[in-house]
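# What would the 3D arrangement of this be:
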Amino acid sequence: MTRSVLVVEDEAVLASNIREYLEHHRYDVRVADTIAAGVRQLEERRPDVVLLDILLPDGDGRRILRHVREGGPNVGIIIMTAFGGLQLALDAMAAGADNYVEKPVPLDSLRLMIDQLIDQNNPPVGSC
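Model prediction:
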């Protein structure tokens, strides 16, 4: 099974590091640096997981969160932000995010979160 991830992150170095790390572990990774580019990527293909920055140059990343959730529940969403806090995490989870991580992002932990969401959203055939 191909595991696909969309990274919506405007920090080019961080986005590149995440992409390289995940591609090394055989994920299909796309990157967008704005909400508009992220929505275009979502329209072109539906990833298993979206890694989503909250503060983007063209607005609040939670707009993509709402867009994804309107399209169906089977896409995992992990919110990433450097300006985190409990309230932001609670707001993102209430809006439909599956998980939350503060920057700097520990890549090995992030990969575990991604795998858990993919497994959760794609149970093995024949399971209940």
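# So what's the gap between the lowest-mean-pLDDT helix or strand in the chain and the chain middle?
The helix or strand of the chain with the lowest confidence, counting by mean pLDDT, DSSP states H and E, is helix 86-94 at a mean of 79. Centroid separation for helix 86-94 versus its chain: 15 Å, with C-alpha atoms, centre = their mean, to the nearest Å.
# right, and the helix or strand after it?
Under the assignment DSSP states H and E, the closest C-terminal helix or strand after helix 86-94 is strand 99-102.
# Any buried residues in that next one, and which?
99-101 (16 or more other C-beta atoms under 10 Å). C-beta here means a position set from N, CA and C on the backbone, and glycine is covered the same way.
# tell me the secondary structure for Arg111?
Each residue gets one of three states, and Arg111 gets helix by DSSP: H, G, I helix; E, B strand; the rest coil.
# ok, back up a step: the buried residues of strand 99-102 into CSV, with extra columns for pLDDT and distance to Arg69?
As requested, the buried residues of strand 99-102 are exported to CSV (pLDDT from 0 to 100; distance: C-beta to C-beta, whole Å):
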residue, pLDDT, distance to Arg69
Asn99, 91, 14
Tyr100, 89, 15
Val101, 89, 19
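# Out of these, which is nearest to Tyr21?
Using C-beta to C-beta, Val101 comes nearest to Tyr21 of these, at 13.8 Å.
# shaky segments in this structure?
1, 72-73, 84, 124-128 (pLDDT under 70).
# rewinding a little: just checking, what packs against the least confident helix or strand of the chain?
Using 3 or more C-beta pairs under 8 Å, 6 or more residues apart in numbering; DSSP states H and E, the elements in contact with helix 86-94 are helix 62-71, strand 76-81, strand 99-102.
# sorry, back to before: now tabulate the buried residues of strand 99-102 in CSV and tack on distance to Gly38.
Converted to CSV, those look like this (distance: C-beta to C-beta, whole Å):
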residue, distance to Gly38
Asn99, 18
Tyr100, 18
Val101, 17
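# Identify, from these, the entry nearest to Leu14.
Val101 (11.7 Å).
# For the closest one, which non-adjacent residue is closest in space?
Met80 (5.4 Å; C-beta to C-beta, 6 or more residues apart in numbering).
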